[in-house]
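>>> what's the 3D shape of this:
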Amino acid sequence: MARLIATDSINLGEDSSDNPFSITFREDINNDGKVNILDISTAALAFGSSVGDPSWNPKADMDRNGKINILDISTIARKFGESL
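Numbering: from 1, shown residues only. Predicted structure coming up:
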């Protein structure tokens with residue numbers, strides 16, 4: 001069994017599993033191992049949407065408040081260029 005605890009000084013995540021798992025940045029919306037313009041543009045496509053809207057993307061809702069706004073985009077942008 002593996003147990004992983006991770007933090008970025010603000011958020012804390014924890015998981016225990018016997019199954020394979022992967023580690024990604026929450027801001028890495030497309031899960032390609034890096035935070036880049038593709039992640040920002042994916043969030044931008046959902047900009048202004050909220051739960052239930054056709055363009056809603058829950059992965060772009062960084063603060064999990066049910067709407068995609070500039071705070072979500074800026075959260076992604078702060079991790080720009082980081083990779084695993």
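>>> Surely Ile40 is within a helix?
Yes. Judged by DSSP: H, G, I helix; E, B strand; the rest coil, Ile40 forms part of a helix.
>>> if I pick Gly81, what's in contact with it?
Lys34, Val35, Asn36 (Cβ atoms under 8 Å, 6 or more residues apart in numbering). Using the backbone N, CA and C atoms, a C-beta is placed for each residue, glycine as well.
>>> Please apply the same query to Pro58.
The contact partners of Pro58, taken as Cβ under 8 Å, 6+ apart, are Val51.
>>> distance of it from Glu82?
As for Pro58, its distance to Glu82 is 21 Å (criterion: Cβ to Cβ, to the nearest Å).
>>> before we move on, what about Gly66?
Going from Gly66 to Glu82 by Cβ to Cβ gives 26 Å.
>>> for Asp53, same thing?
Going from Asp53 to Glu82 by Cβ to Cβ gives 29 Å.
>>> same deal with Ala44?
From Ala44 across to Glu82, the span is 19 Å (Cβ to Cβ).
>>> got the residue ranges for the helices in the protein?
Assigned by DSSP state H, the helices in the chain fall at 37-46, 70-78.
>>> contacts for stretch 10-30?
For stretch 10-30, contacts defined as Cβ under 8 Å, 6+ apart pick out 1-7, 31, 33-35, 38-39, 42-43, 57, 59-60, 62, 75-76, 78-79, 82, 84.
>>> Ends of that stretch, what's the gap?
End-to-end distance of stretch 10-30 (Cα to Cα, to the nearest Å): 22 Å.
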